[in-house]
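Student: Predicted structure and sequence below. I'll ask about it afterward.
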Amino acid sequence: MEKAYALLSQGRMNVSEVAWEVGYINVSHFGAAFRKQYGVNPKVFQVAWHHNPDLMTYAGVSRGYRSGGFNTAYQDASDIKFGSEFSWNYELGCKSSWFNHHLQLNTTLFFIEIKDQQIVQLLPSADTIIKNAGKSRSEGFEIETKAQLHKGLTLEAGLGYADSEFKDYTDPLAGTDYKGNRTPLAPEYTYNLALQYNKSLSDRWDIFLRTELNGIGSFCWDDANTLKQDSYRLVNMSLGRRGRFVYPKTISTDFFCKVCF
């Protein structure tokens with residue numbers, strides 16, 4: 001039986017107004033193929049600069065991993081199993097608070113490189129299988145904000161944009177080159193807008209009323225980009241009651257119930 005050893009390490013240090021974090025995984029005995037593909041990888045590296053108590057900028061690099069597996073349905077013997085997925089994630093962002101914490105504004109820029117991306121495909125039998133694409137890339141931004149308009153009344157809004165496409169992917173069974181196609185199930189944009197009112201009834205009970213709008217941009221269901229989903233919107237309304245109970249030894253729990261339309 002082959003033995004496996006792993007070393008996990010994470011550190012944090014503050015230097016004046018600059019903070020950094022780094023962690024890594026050291027894998028020594030997982031087989032030669034695994035070490036060649038995975039090796040010693042940084043798990044996360046992040047640098048944050050606190051300009052003042054209300055403004056922080058940061059940059060980070062992280063390594064993503066999704067394990068492989070097996071397909072229960074397949075057309076070709078080569079599709080019985082699929083490999084692991086790896087990614088490098090680069091992020092640059094800013095978190096800020098304005099007007100005595102009545103307004104919060106956060107922005108993020110991201111760039112993701114994925115190798116052997118796991119793609120779900122639909123078979124003629126209506127079963128699904130997972131295959132590995134060669135390489136893909138995704139880049140975009142996210143903006144979110146939250147404003148306290150009045151006591152108990154908050155407004156939330158968010159906008160996200162992502163440009164995601166295959167950089168190197170040829171289906172070995174069909175022989176089709178999907179380079180330049182959009183990756184499946186990746187909307188070009190998303191947005192949300194919500195208004196919520198909270199009212200305290202007692203030290204233990206609150207009630208809330210929330211209305212929200214969620215928008216999803218168009219996306220493709222398949223690698224060939226022939227099955228497309230048009231953009232759509234969802235409107236949700238909820239009314240609920242939330243309870244707070246504190247037990248001995250400072251244990252606290254939240255209970256809530258909602259009615260959705």
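Tutor: That came through, no problem.
Student: Now do the strands in the stretch 101-250 of the chain.
Tutor: Secondary structure of the stretch 101-250 of the chain (DSSP state E, counting those that start in this stretch): strands at 103-115, 118-122, 128-132, 135-150, 153-168, 189-200, 205-216, 219-220, 228-229, 232-247.
Student: was I right about residue 238 contacting residue 210?
Tutor: Yes: Residue 238 lies in contact with residue 210 (Cβ atoms under 8 Å); the separation is 4.8 Å. In short, each C-beta sits where N, CA and C put it, glycine included.
Student: Quick one: low-confidence residue ranges for the stretch 151-261 of the chain.
Tutor: 244-261 (pLDDT under 70).
Student: re the thing from before, can you say which of the strands of the stretch 101-250 of the chain is packed in most?
Tutor: strand 219-220 (a mean of 20; mean count of other Cβ atoms under 10 Å).
Student: Strand partners (parallel or antiparallel) of it?
Tutor: strand 228-229 (antiparallel) (DSSP bridges).
Student: what residues does the strand it pairs with touch?
Tutor: Strand 228-229 is contacted from outside by 218-221, using Cβ atoms under 8 Å, 6 or more residues apart in numbering.
Student: rerun that using 6 Å as the cut-off
Tutor: For strand 228-229, the external contacting residues (Cβ atoms under 6 Å, 6 or more residues apart in numbering) are 219-220.
Student: That one: how far from the chain's middle?
Tutor: 22 Å (Cα atoms, centre = their mean, to the nearest Å).
Student: And stretch 141-156, by the same measure?
Tutor: So, by Cα atoms, centre = their mean, the centroid of stretch 141-156 is 21 Å from its chain's centroid.
Student: related to what we said a few turns ago, want to throw the strands of the stretch 101-250 of the chain into CSV with distance to residue 88?
Tutor: Below are those laid out as CSV (distance: least, Cβ to Cβ, whole Å):
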stretch, distance to residue 88
strand 103-115, 5
strand 118-122, 16
strand 128-132, 17
strand 135-150, 10
strand 153-168, 13
strand 189-200, 23
strand 205-216, 27
strand 219-220, 23
strand 228-229, 28
strand 232-247, 32
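Student: Residue 47 is nearest to which of those?
Tutor: Nearest to residue 47 among those is strand 103-115 (14.7 Å), distances taken as Cβ to Cβ.
Student: what's the closest one packed up against?
Tutor: Applying 3 or more Cβ pairs under 6 Å, 6 or more residues apart in numbering; DSSP states H and E, we find strand 103-115 packed against strand 85-98, strand 135-150.
Student: In its sheet, which strands sit next to that strand, and in what direction?
Tutor: Strand pairing for strand 103-115, determined by DSSP bridges: strand 85-98 (antiparallel), strand 135-150 (antiparallel).
Student: Poorly predicted segments of the stretch 1-150 of the chain, please.
Tutor: 1-43.
Student: which ones are touching residue 236?
Tutor: By Cβ under 6 Å, 6+ apart, the contact list for residue 236 reads residue 212.
Student: Would you check how far apart it and residue 189 are?
Tutor: 19 Å (Cβ to Cβ, to the nearest Å).
Student: Then residue 214?
Tutor: For residue 214, the distance to residue 189 - Cβ to Cβ - is 12 Å.
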